[in-house]
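**Q** below: sequence and its predicted model.
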Amino acid sequence: MSIPEYDGQIKLGPGNEITDPQLIKLLNDQPPLKLDELLQASQFLQKYPGNAPLGQHLALVGLAMERGPKVVHAALAGYDDFEEGAEYAIRGSNDDPRNEPDPFDVFIRRQPVKGSILGLPIDGLALLVETFISLNEDNTPDIEKHFIIGVIPG
């Protein structure tokens, strides 16, 4: 299976964010990878040390998704702490009003956040796409972000 009627060009924003509305519509029609698929991809990726962090991330997200949204948010909060620490080390205090907030940082801090990873088939491969959806207080979707995080056999 491949992306239907797509010209082979995927335009990406910063951080490999998918911004093309046509592709986002296709992503919304794809089911997320199940725990066993994420763990299989995780094992595949961890065979090469350079891909091991992505493999570990897939396993963490898969296990967190099985446990529910609060665990997903807790797992993502760990990444946020790392990014804050790195930003502090590079720029100094991030409480400085001259520092504009990163839109993704603002997005990921919203409560709650729903996430998933899916495999988007393209020419015998699958693009791993991680999706974050921030939810309004009434649990309806607010902001969606989709990022290509890797490639696995399709």
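**A** That came in fine, so what should we check first? Remember, it's a predicted structure, so these values are computed and weren't measured experimentally.

**Q** what residues sit buried inside the host helix or strand of residue 121?
**A** Using DSSP states H and E, residue 121 sits within strand 113-122. Within strand 113-122, the residues that qualify as buried are 113, 114, 115, 116, 117, 118, 119, 120, 122, counting by 16 or more other CB atoms under 10 Å. All C-beta spots, glycine's among them, are computed from the backbone N, C-alpha and C.

**Q** pLDDT for the residues you listed - can I get that in JSON lines?
**A** As requested, these are arranged in JSON lines below (pLDDT from 0 to 100):
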{"residue": "113", "pLDDT": "63"}
{"residue": "114", "pLDDT": "71"}
{"residue": "115", "pLDDT": "77"}
{"residue": "116", "pLDDT": "86"}
{"residue": "117", "pLDDT": "92"}
{"residue": "118", "pLDDT": "91"}
{"residue": "119", "pLDDT": "92"}
{"residue": "120", "pLDDT": "89"}
{"residue": "122", "pLDDT": "83"}
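
**Q** farthest pair in the residues you listed?
**A** Pairwise distances across the buried residues of strand 113-122 (CB to CB) peak at 26.8 Å, for the pair 113 and 122.

**Q** show the average pLDDT along stretch 53-63.
**A** Stretch 53-63 comes out with an average pLDDT of 87.

**Q** what comes into contact with it?
**A** 33, 35, 38-39, 41-46, 71-72, 75, 115, 117, 128, 130, 149-150 (CB atoms under 8 Å, 6 or more residues apart in numbering).
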